[in-house]
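Peer 1: Predicted model and sequence below, questions to follow.
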Amino acid sequence: MTSRADNLASLKDDMVAFIEGHGMRRFHGYVDYDEIPSVLWKSQDNPDSWKDFVELAKSAEAPFLTMDSWSLEREELDGILERLGSAQHTSDEELEEARWLRTYIGKTGFVQLGFGHQGVMMVYEASTEWYDHYQHLLEMSEDFGGIAIDEPGLDDES
């Protein structure tokens, strides 16, 4: 994933205009590359490499690009703060980091483009640094909130 400025809303708008300018369509959806064969685009620290990605999709005659974005909503952040606040293993630093994210409410922290080619999804992603922090805190809050990721003893059953 490529890290960028604090708000990717203008990047998203540029992507929409560029895709439509190439006469391509967008399918609003998220590609979960853990679930299907996928290849992640390497941007090589080129902030405009997403344009190359779109042009590649057009060259590959992709009928459309998938597009997804995520913006921080107050309710989501409040839920994390509540779970972290009631957890026994949460440090003051983690709570302060979660509170710090309030600065980014309403901002776009993640954008994803994708297209299918010969049974594989090609995927481009960009994220902000705060989005990466948010994801880390979300995983922690889910762990502390009692959502079992791996039930003990299930691997031992035959």
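Peer 2: In hand now; what should we look at?
Peer 1: alpha carbons only for contacts and neighbour counts from here, please
Peer 2: Fine.
Peer 1: which residue ranges form the strands in the chain?
Peer 2: Applying DSSP state E to the chain gives strands spanning 2-4, 25-28, 38-40, 64-71, 108-117, 120-128.
Peer 1: tell me which strands and helices the fifth one is in contact with?
Peer 2: Helices and strands touching strand 108-117, by 3 or more C-alpha pairs under 8 Å, 6 or more residues apart in numbering; DSSP states H and E, are strand 64-71, strand 120-128, helix 129-144.
Peer 1: Tell me how many other residues crowd Thr103.
Peer 2: A count of nearby residues for Thr103, using other C-alpha atoms under 10 Å, gives 11.
Peer 1: Spatially central, which residue of this protein would that be?
Peer 2: With distances taken as C-alpha atoms, centre = their mean, Phe110 lies nearest the centre of the chain, 4.6 Å away.
Peer 1: which residues touch Lys107?
Peer 2: 6-9, 71-72 (C-alpha atoms under 8 Å, 6 or more residues apart in numbering).
Peer 1: Could you verify my assumption that Leu84 touches Leu138?
Peer 2: No. Contact criterion C-alpha atoms under 8 Å: Leu84 and Leu138 do not qualify, at 9.2 Å.
Peer 1: ok, these two, which is more surrounded?
Peer 2: Leu84 (25 against 20).
Peer 1: Count the residues that sit near the closest residue to that one other than its chain neighbours.
Peer 2: Distances taken as C-alpha to C-alpha, 6 or more residues apart in numbering place Ser141 nearest to Leu84, at 5.4 Å, with adjacent residues excluded. Neighbourhood size, Ser141 [other C-alpha under 10 Å]: 22.
Peer 1: same question, Met121
Peer 2: 20.
Peer 1: mind listing what Ala57 touches?
Peer 2: By C-alpha under 8 Å, 6+ apart, Ala57 lies in contact with 65, 115.
Peer 1: Just the pLDDT for Leu138.
Peer 2: Leu138 is assigned 87 on the pLDDT scale.
Peer 1: do you know how far Asp32 is from Gly21?
Peer 2: According to C-alpha to C-alpha, to the nearest Å, Asp32 and Gly21 sit 27 Å apart.
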